[in-house]
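# Need the 3D shape of this:
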Amino acid sequence: MNLFIHSIPLWAELLSLAFCIGTLVCRSLVFSPVLIDVIPDRDNLLRRMWILFGIAVAVMLAGSVVDFLARTSEMSGRPIHAVFPLIPAVIQKTHFGRVWIIRIAALILVSVMTVIGRHFSNSGFPPYVLLSLAALIAWTHSATGHAADRGDFTIAEITDWLHLLGASVWGGGLFALSTVFLPFLEKRGVRVAKALAGLAAGFSRTAGVAVGVIALTSLHHAWAYVGGMEALEETPYGKIVLAKIVLFLLLLVLAAFNKYFMVPFLYAKAGFPAPRHGIAVGFLMSVTTLFERRLQNRLTASWFQRIVKTEAFLMLAVFFCVSLLRHEIPASHYLHHDHAGHLNGVPAPVSGPIVSLETVPAEIEAGMPVKIMVRIEDKTGRPLVGLVKRHERILHAVIVGQDLKTFAYIHPEDFGPVTDEMVGKASFPLRYAFQKSGDYLVGLDFATRDKLYSETVLLQVVGGPALREADIDLSRAKDFGPYHVTLASTPPRIKAGEQTILSWHIERKGKPVTNLQPYLGAAMHVSAVSANLQHFIYTHGVLQGEPHAPDDYDHAVPPGRFGPDIESPVLFPVGGIYAIFGQVKHEGRVLLFSFMVDVR
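Numbering: from 1, shown residues only. The predicted structure follows:
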């Protein structure tokens with residue numbers, strides 16, 4: 001349900017963008033100067049067009065603001081009413097914020113040009129300028145969606161932009177025809193038969209080009225974001241794509257009917273010669289001659305308007321699917337780094353173990369010690385068999401508060417020996433005292449002989465002082481007491497669904513630290529938690545030059561002394577703000593370094 005609600009502002013924004021593009025296409029390309037001059041009361045028509053165009057621009061502006069606040073809320077994990085202090089940081093330090101500023105600037109220019117366009121209705125200059133600005137706004141949507149994961153102006157982003165433009169020309173044209181042009185012409189009956197025939201033929205040609213662009217770019221989308229029939233059938237993203245394909249096919253049927261039956265009928269009624277078709281289409285028309293003759297006795301000009309309205313209604317559903325897809329994880333991302341049934345905290349089609357936590361007391365109060373029993377079961381409800389130690393511990397538990405500062409890293413071995421009975425029952429005790437009330441993520445990492453698992457449980461603590469909301473700090477160089485740590489990433493722009501190498505450089509009092517020690521069999525233990533506490537990633541650091549194991553299962557034990565550089569591979573499942581916690585051991589002490597990153 002949250003996905004549907006979050007998609008509505010973007011849906012309204014995309015519909016308004018499509019309406020503007022479609023209106024401008026109808027005005028600039030479909031309505032030639034010859035046709036527009038023969039329409040009675042054409043000034044009233046153009047006035048109505050500009051009024052609805054202005055309303056659509058206003059909806060886009062409002063939708064952009066709501067979308068910005070919603071995205072900031074998603075990235076920070078804060079409710080919308082609490083994100084206003086973060087606005088400057090998001091605009092200045094995130095790619096989404098910078099692209100959003102371009103969108104707002106373009107919308108302001110569109111607003112100004114709309115006023116100018118109303119005063120120069122007969123000029124083609126303002127519509128073409130507006131069309132260029134609308135294309136720029138469409139690009140900002142592609143530059144902040146899945147297509148931009150590999151960077152700006154890539155083939156993926158350009159293809160997505162062309163796909164959106166094609167859908168906006170076709171769908172927006174249908175919206176403009178059904179709300180502006182056809183109702184106006186229908187009231188004037190036979191007086192505008194030539195204009196109606198020219199409109200139908202002109203839009204049919206324009207829509208044909210748009211459909212071709214959509215079809216070609218859809219092939220790239222299927223390859224890049226779906227990946228295969230299995231993902232199409234089993235993932236939420238794939239099912240939405242499937243619904244979109246069905247709607248597209250229905251639209252093609254109606255569009256073909258308009259082109260090959262309605263347009264010839266309207267031409268004949270206007271006294272125009274029948275439009276020419278290619279050899280293949282001519283053969284098809286000859287086969288369907290009997291059907292066409294029967295239709296000619298029933299067709300009326302109002303049929304065209306009804307069919308266009310039906311197409312427009314279907315196109316509303318198509319754009320809603322587009323809005324849903326932009327909030328969903330692409331199906332192909334489920335196929336990357338399948339972490340034994342989980343994509344670093346995102347459920348994959350294959351079910352994994354079931355983890356439950358029992359706390360004593362059941363209601364957790366701030367400041368009071370809590371006993372936590374972790375139970376791990378297979379999908380049949382029995383204790384998970386084959387659990388083994390990994391990095392010297394049977395279970396790694398990471399606790400992170402909603403402030404993204406409260407952090408704890410504990411293990412059953414910290415409170416006593418792990419017995420064979422515990423392993424046989426797959427039940428392990430932990431203890432922790434939550435100092436403040438609020439929401440906490442408990443990330444649990446464990447392994448069997450051949451698989452790794454990362455699971456999360458959310459706990460709520462009551463009473464006492466409350467945790468603050470997270471303060472977003474995207475700086476890549478920080479001081480932790482006498483230690484100065486810098487964090488770099490490869491690629492520099494972190495993208496969801498693709499492996500990122502985080503590079504840590506550690507200095508103490510201005511000198512590189514070269515005598516770090518292994519900590520639980522690794523150079524570094526790294527935990528990443530999304531700001532909304534929905535995603536947890538647990539991995540380890542390796543020394544520079546060592547291979548990065550794709551499943552983080554096997555990597556070399558570091559030497560007794562190493563430093564100052566450590567690398568940790570991380571795959572972020574979705575975009576947003578993440579807190580990164582790195583733990584190393586130096587001179588017998590475990591050190592904690594924390595950063596935040598913006599994932600696209």
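
# what's the distance between Gly401 and Phe320?
37 Å (CB to CB, to the nearest Å). (Each C-beta comes from the backbone N, C-alpha and C, glycine too.)

# More neighbours: those two, which one.
Legend: neighbour count by other CB atoms under 10 Å for Gly401 and Phe320, higher for Gly401 (24 against 21).

# Would you list the phi and psi of that one?
phi -90, psi 170 (degrees, to the nearest 10).

# so it makes contact with Tyr440?
Yes. Shown here, Gly401 and Tyr440 form a contact pair, counting by CB atoms under 8 Å, at 5.3 Å.

# pLDDT weak spots in the stretch 251-400 of the chain?
By pLDDT under 70, the weakly predicted segments of the stretch 251-400 of the chain are 274-301, 329-351.

# Would you state the strands of it in chain order?
Counting by DSSP state E, counting those that start in this stretch, the stretch 251-400 of the chain has strands at residues 342-343, 346-347, 354-360, 364-365, 369-377, 387-388, 396-401.

# Buried residues in stretch 490-508, which are they?
Across stretch 490-508, burial judged by 16 or more other CB atoms under 10 Å covers 494-498, 500, 502, 504-508.

# and the end-to-end length of that stretch?
24 Å (CA to CA, to the nearest Å).

# Make JSON lines out of the buried residues of stretch 490-508 and add pLDDT and secondary structure.
Converted to JSON lines, the buried residues of stretch 490-508 look like this (pLDDT from 0 to 100; DSSP: H, G, I helix; E, B strand; the rest coil):
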{"residue": "Ile494", "pLDDT": "88", "secondary structure": "coil"}
{"residue": "Lys495", "pLDDT": "85", "secondary structure": "coil"}
{"residue": "Ala496", "pLDDT": "84", "secondary structure": "coil"}
{"residue": "Gly497", "pLDDT": "80", "secondary structure": "coil"}
{"residue": "Glu498", "pLDDT": "82", "secondary structure": "coil"}
{"residue": "Thr500", "pLDDT": "90", "secondary structure": "strand"}
{"residue": "Leu502", "pLDDT": "93", "secondary structure": "strand"}
{"residue": "Trp504", "pLDDT": "94", "secondary structure": "strand"}
{"residue": "His505", "pLDDT": "94", "secondary structure": "strand"}
{"residue": "Ile506", "pLDDT": "95", "secondary structure": "strand"}
{"residue": "Glu507", "pLDDT": "94", "secondary structure": "strand"}
{"residue": "Arg508", "pLDDT": "93", "secondary structure": "strand"}
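
# Widest-spaced pair of the residues you listed?
Farthest pair in these (CB to CB) is Gly497 and Arg508. Separation: 36.0 Å.

# can you list contacts of the strand or helix carrying Tyr237?
Using DSSP states H and E, Tyr237 maps to helix 236-257. For helix 236-257, contacts defined as CB atoms under 8 Å, 6 or more residues apart in numbering pick out 204, 207, 211, 214, 218, 222, 225-226, 231-233, 307, 310-311, 314-315, 317-318, 321-322, 324-325, 328-331, 334.

# Report the residue ranges of every domain in the protein.
What automatic domain parsing lists as the domains of the chain is 2-335, 344-462, 477-599.

# okay, these in CSV with distance to Glu469 next?
Listed next are those as CSV, based on distance: least, CB to CB, whole Å:
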stretch, distance to Glu469
domain 2-335, 5
domain 344-462, 7
domain 477-599, 9
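
# least reliable of those domains going by mean pLDDT?
Lowest mean pLDDT within these: domain 2-335, at a mean of 79.

# list the contacts for the closest residue to Pro383 other than its chain neighbours?
Using CB to CB, 6 or more residues apart in numbering and skipping the chain neighbours, the partner closest in space to Pro383 is Ala426 (3.8 Å). Residues in contact with Ala426, defined by CB under 8 Å, 6+ apart, are 375-377, 383-385, 387.

# how about those, which pair is most distant?
Counting by CB to CB, the most remote pair of the contacts of Ala426 is Arg375 and Val385, 13.8 Å apart.

# of these two, who's got more company?
Ranked by neighbour count (other CB under 10 Å), Arg375 and Val385 place Arg375 first, with 16 against 11.

# quick one, what contacts Ser489?
500-503, 597.

# If I follow the layout properly, Leu131 ends up in contact with Cys26?
No. Using CB under 8 Å, Leu131 is not in contact with Cys26; the gap is 11.1 Å.

# mind listing what's buried in stretch 438-446?
Buried-residue list, stretch 438-446, by 16+ other CB under 10 Å: 438-446.

# Counting only strands, which of the residues you listed make the cut?
438-446 (DSSP state E).

# Nearest to Gln534 among those?
Nearest member of these to Gln534, counting by CB to CB, is Leu441, at 8.4 Å.

# how many neighbours does the residue lying closest to the closest one once chain neighbours are set aside have?
Using CB to CB, 6+ apart and skipping residues adjacent in sequence, the residue nearest Leu441 is Leu533, 4.3 Å away. Burial measure for Leu533: 21 neighbouring residues, criterion other CB under 10 Å.

# Quick check: which element contains Leu533?
Under DSSP H and E, no helix or strand contains Leu533.

# What segments of the stretch 451-600 of the chain are helices?
Read by DSSP state H, counting those that start in this stretch, the stretch 451-600 of the chain holds no helices at all.

# ugh, wrong one, the stretch 151-300 of the chain
155-176, 182-186, 193-221, 229-234, 236-257, 263-270, 279-287, 289-296.

# Distance to Gly63 and mean neighbour count added to those helices, as CSV?
Output for those, formatted as CSV (distance: least, CB to CB, whole Å; neighbours: other CB atoms under 10 Å):
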stretch, distance to Gly63, mean neighbour count
helix 155-176, 15, 24
helix 182-186, 25, 18
helix 193-221, 23, 19
helix 229-234, 30, 14
helix 236-257, 20, 17
helix 263-270, 35, 19
helix 279-287, 40, 11
helix 289-296, 41, 11
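
# Present these as a markdown table; the columns should include distance to Ile87.
Output for the helices of the stretch 151-300 of the chain, formatted as a markdown table (distance: least, CB to CB, whole Å):
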| stretch | distance to Ile87 |
| --- | --- |
| helix 155-176 | 25 |
| helix 182-186 | 41 |
| helix 193-221 | 32 |
| helix 229-234 | 36 |
| helix 236-257 | 30 |
| helix 263-270 | 51 |
| helix 279-287 | 55 |
| helix 289-296 | 58 |
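
# Identify whichever of the ones you listed lies nearest to Arg48.
Of the helices of the stretch 151-300 of the chain, nearest to Arg48 by CB to CB is helix 182-186, at 6.8 Å.

# starting at the chain centroid, how far to the closest one?
Remark: helix 182-186 is offset 39 Å from the chain centroid, using CA atoms, centre = their mean, to the nearest Å.

# can you check stretch 47-62 too?
27 Å.

# which parts of that stretch are buried?
In stretch 47-62, counting by 16+ other CB under 10 Å, buried: 48-50, 52-54, 56-57, 59-61.

# hmm, who's touching that stretch?
By CB under 8 Å, 6+ apart, the residues outside stretch 47-62 that reach it are 12-13, 15-17, 19-20, 23, 27, 104, 107, 110-111, 114, 117-118, 121, 137, 176, 179-181, 184.

# Would you check that Thr206 makes contact with Val25?
Yes. Between Thr206 and Val25 there is a contact under CB under 8 Å: 6.2 Å.

# and the angle from the longest helix belonging to the chain to helix 155-176?
The helix that spans the most residues within the chain, counting by DSSP state H, is helix 42-76. Interaxial angle of helix 42-76 relative to helix 155-176 (axes from the mean of the first three to the mean of the last three CA atoms, to 10 degrees): 140 degrees.

# what's the next secondary structure element after helix 42-76?
helix 87-93.

# immediately after that next one, which helix or strand?
As the chain continues past helix 87-93, the following element, by DSSP H and E, is helix 95-119.
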